[in-house]
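Asks: sequence plus the predicted model coming up.
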There are 2 protein chains.
Amino acid sequence: MAVRAIHTPLLLCTMALLLTGLVSPSTAGLSLDTVREFLTREEDTIVFSLIERAKYPLNRPAYAPLHFGAGAGAEPDRHLNASFAELFIRESEAVQSKAGRYQSLQEIPFFAYRVPFTLAPLYNFTRDLYPAAAFVNVNDAIWSMYFNELLPLLAKNGDDGNYAVTADADLACLQVLSRRINYGRYVAEVKFRGDQQTYTSLIQAKDRDALMKLLTSEAQEDVVKRRVEKKAIVFGQSITLDGPIQTDVNNSSQANFKVDPSVVYKLYDQWVIPLTKQVEVEYLLHRLD
Amino acid sequence: MAVRAIHTPLLLCTMALLLTGLVSPSTAGLSLDTVREFLTREEDTIVFSLIERAKYPLNRPAYAPLHFGAGAGAEPDRHLNASFAELFIRESEAVQSKAGRYQSLQEIPFFAYRVPFTLAPLYNFTRDLYPAAAFVNVNDAIWSMYFNELLPLLAKNGDDGNYAVTADADLACLQVLSRRINYGRYVAEVKFRGDQQTYTSLIQAKDRDALMKLLTSEAQEDVVKRRVEKKAIVFGQSITLDGPIQTDVNNSSQANFKVDPSVVYKLYDQWVIPLTKQVEVEYLLHRLD
């Protein structure tokens, strides 16, 4: 049988059906250092993905509701008004789901897919999270923030017709923002293990405010916000062979950068850090379930 | 009818079937300046994509042949020995094809898809290329170079199980390398228009060597190679809030960079620039068809 003849989109699910193994929880490898290292490295990926999205204009038609006809009496359904970008992301995520992306708890899809089988080679992921709390995520908030707040600040007005490439760039932004923000589960797990007594009493009292206070370090958050702004400056400038590298926005217009560095500061200040802490608190509230 | 009930992977092709319009050739907007600007901007995307692939270890199981059973007497077919990464790329490209990515001549898929309909909003792309020569591309050479030569230089040995994310990073590298290298068609078109008499006589004589010589500027190629190496240094270092930005590899081990800058130099020196010129020559040889 020539595989070439098989319809490509069915390949991954029709051939070998391998179940990725379920493994027992593990505590190896997770520490405050590895967590910080992960979050710092993700900053680069976030800035890269924003710069790549900003390469294309807004391309507004990709986000307009497609208005598929609903039958008379049909219930309201937000997918009836899905945009091209949303459909593209749903289909791309479905392929990635079939390919086993979400076997790693670090990755959480924006849409639910019923694809339990995967062709991905077997791998036993360590399970660093407390199982009853691992489900916590704020993907809905990230989705809404990205399209309603962040995207209009990133992309210039205009339409170059590259809708698929643009939606693919949106997906890259969404995926890394989701991975970074929902990594708050790992942050919370490490902090919980480091001071079980304090956290246990606050969790039992369901004291959200005290948990939030305990998780907050304004000095550290300030360093992070200013560092990502610097990354936007360094990564988003036009590099010439002999010219100097700018490290601040002084002496230069913000228009010189592919993404306005103050937008990246704002992204962390208003959304990434607060949403991460929201994930941390929610995770902790389920940590003793 | 609730759209939610429809199998997601069919959404894009079963709903509205819109044919993206075919438009007449156009010469607006293409100049030596816009071509150079495009190529320079793509350097950043290439370096970002390499850094992002290098974030993950080699993840060798993603590249092992899956050995689907061939019936007795079946002809040899490279897809019978396809890897997980290849299947992942085929399925992802199929979604992007349905979404209209390849309506733009700047984008060329690695696999052929029979998906003439797309849900993508209509857009009239300008056609800057000479139709009979627009098909020229070196995607097969890029595919082979990427997996056999470049990837082993990028990714450290190791296996973290993130096969789908890894193959997705491979696809991002392949797509931008393809777009950058096959942009040689646009470079050749601009150069042809700038000196039609000289090019026409060389094309009619099928003088590949003279065409190659005419297209080569060693001084300019040297600038490009050293600039992308600098970009790898600037974009691939660990940025700290107060630390200085490195602009060369002196005083620092190459291990400090997420991708060895000399690998990026080599990528341009041995593959990107020679393959681009190969595309230019092939395009020109069809420019009078």
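Replies: Received it, and whenever you're ready, just let me know what you need.
Asks: C-alpha from now on. contacts and neighbour counts both.
Replies: Fine.
Asks: what about the nearest residue to A:Ala188 once chain neighbours are set aside, which helix or strand?
Replies: Spatial nearest neighbour of A:Ala188, excluding adjacent residues (C-alpha to C-alpha, 6 or more residues apart in numbering or on different chains): A:Glu280 at 5.0 Å. Element membership of A:Glu280 [criterion: DSSP states H and E] is helix A:273-285.
Asks: ok, residues contacting that helix?
Replies: With contact meaning C-alpha atoms under 8 Å, 6 or more residues apart in numbering or on different chains, helix A:273-285 is reached by A:133-134, A:136-138, A:180-185, A:187-189, A:192, A:199, A:203, A:206, A:208, A:211-212, A:215-216, A:221.
Asks: select only the buried ones of those in PyMOL?
Replies: A single PyMOL command selects the buried members of those (16 or more other C-alpha atoms under 10 Å in any protein chain shown):
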select buried, chain A and resi 133+134+136+137+138+180+181+182+183+184+185+187+188+189+192+199+203+208+211+215
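Asks: which ones among the contacts of helix A:273-285 are found in strands?
Replies: With DSSP state E as the criterion, strands contain none of those.
Asks: pull out the buried positions in the helix holding A:Glu280.
Replies: For helix A:273-285, burial by neighbour count (16+ other C-alpha under 10 Å) applies to A:Ile273, A:Leu275, A:Thr276, A:Lys277, A:Gln278, A:Val279, A:Glu280, A:Val281, A:Glu282, A:Tyr283, A:Leu284, A:Leu285.
Asks: again with stretch A:161-173
Replies: Within stretch A:161-173, the residues scored as buried using 16+ other C-alpha under 10 Å are A:161-173.
Asks: and chain B, which of these contact it?
Replies: Subset of these in contact with chain B: A:Gly161, A:Asn162, A:Tyr163, A:Ala164, A:Val165, counting by C-alpha under 8 Å from any C-alpha of the partner chain.
Asks: can you put these in a markdown table and add distance to A:Ser104, secondary structure and pLDDT?
Replies: As requested, these are exported to a markdown table (distance: C-alpha to C-alpha, whole Å; DSSP: H, G, I helix; E, B strand; the rest coil; pLDDT from 0 to 100):
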| residue | distance to A:Ser104 | secondary structure | pLDDT |
| --- | --- | --- | --- |
| A:Gly161 | 35 | coil | 96 |
| A:Asn162 | 31 | coil | 96 |
| A:Tyr163 | 29 | helix | 97 |
| A:Ala164 | 26 | helix | 97 |
| A:Val165 | 26 | helix | 98 |
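Asks: ok, so of the residues you listed, who is nearest A:Pro65?
Replies: Using C-alpha to C-alpha, A:Tyr163 is the member of these that sits closest to A:Pro65, with 14.0 Å.
Asks: and for A:Gly243, the neighbour number?
Replies: A:Gly243 sits with 8 neighbouring residues when counted by other C-alpha atoms under 10 Å in any protein chain shown.
Asks: tell me the SS of it?
Replies: Three-state call for A:Gly243 (DSSP: H, G, I helix; E, B strand; the rest coil): coil.
Asks: so how far is chain B from it?
Replies: Applying C-alpha to the nearest C-alpha, to the nearest Å, the value for A:Gly243 to chain B is 10 Å.
Asks: any idea of the pLDDT on that residue?
Replies: If you check A:Gly243, the pLDDT there is 91.
Asks: phi and psi next, for it.
Replies: Per-residue torsions, A:Gly243: phi -70, psi 160 (degrees, to the nearest 10).
Asks: which residue packs closest to A:Val272, ignoring adjacent ones?
Replies: Take A:Val272 and drop its neighbours on the chain: the residue closest to it by C-alpha to C-alpha, 6+ apart is A:Ile181, 6.1 Å away.
Asks: contacts only, for A:Gln246.
Replies: Contacts of A:Gln246 (C-alpha under 8 Å, 6+ apart): A:Ile233, A:Val234, A:Gln237.
Asks: what about the residue nearest to A:Val272, distance to A:Gln103?
Replies: Distance, A:Ile181 to A:Gln103, by C-alpha to C-alpha, to the nearest Å: 18 Å.
Asks: for A:Ser83, phi and psi?
Replies: When read as degrees, to the nearest 10, the backbone of A:Ser83 gives phi -90, psi 170.
Asks: per-residue confidence at it?
Replies: pLDDT for A:Ser83: 95.
Asks: that one contacts A:Arg60, correct?
Replies: No - if you go by C-alpha atoms under 8 Å, A:Ser83 and A:Arg60 don't touch, sitting 10.2 Å apart.
Asks: follow-up on the earlier one: show me the contacts of helix A:273-285 that map onto helices.
Replies: A:180-182, A:184-185, A:187-189, A:192, A:199, A:203, A:208, A:211-212, A:215, A:221 (DSSP state H).
Asks: and the residues you listed, which is closest to chain B?
Replies: Chain B lies nearest to A:Glu221 out of the ones in helices among the contacts of helix A:273-285, by C-alpha to the nearest C-alpha, at 12.3 Å.
Asks: below-threshold pLDDT in the stretch 101-250 of chain A: ranges please.
Replies: Low-confidence segments of the stretch 101-250 of chain A, defined by pLDDT under 70: A:115-117.
Asks: hmm, 50 instead?
Replies: For the stretch 101-250 of chain A, applying pLDDT under 50 flags no range at all.
Asks: can you list the residues of it near chain B?
Replies: By C-alpha under 8 Å from any C-alpha, the part of the stretch 101-250 of chain A that sits against chain B consists of A:101, A:104, A:119-125, A:161-165, A:223, A:226-227, A:230-231, A:234-235, A:239-241, A:245, A:247.
Asks: separate out the buried members of those residues.
Replies: By neighbour count, with 16+ other C-alpha under 10 Å, these hold A:101, A:104, A:119-121, A:123, A:125, A:161-165, A:226-227, A:230-231, A:234-235, A:239-240, A:245, A:247 as buried.
Asks: residues near A:Lys213, how many?
Replies: Neighbour count for A:Lys213, taken as other C-alpha under 10 Å: 10.
Asks: same deal with the one 4 residues further on?
Replies: A count of neighbours around A:Ser217, defined by other C-alpha under 10 Å, yields 10.
Asks: just give the nearest non-adjacent residue to the residue nearest to the spatial centre of chain A, would you?
Replies: Nearest residue to the geometric centre of chain A (C-alpha atoms, centre = their mean): A:Ser178, 1.8 Å. The shortest distance from A:Ser178 to any non-neighbouring residue, by C-alpha to C-alpha, 6+ apart, is to A:Asn139 (6.3 Å).
Asks: any idea how far the one you found is from A:Val95?
Replies: Taking C-alpha to C-alpha, one finds A:Asn139 at 19 Å from A:Val95.
Asks: these two: who's more crowded?
Replies: Neighbour count, other C-alpha under 10 Å: between A:Asn139 and A:Val95, A:Val95 has more, with 26 against 21.
Asks: what's the separation between the more buried one and chain B?
Replies: According to C-alpha to the nearest C-alpha, A:Val95 stands 7 Å off from chain B.
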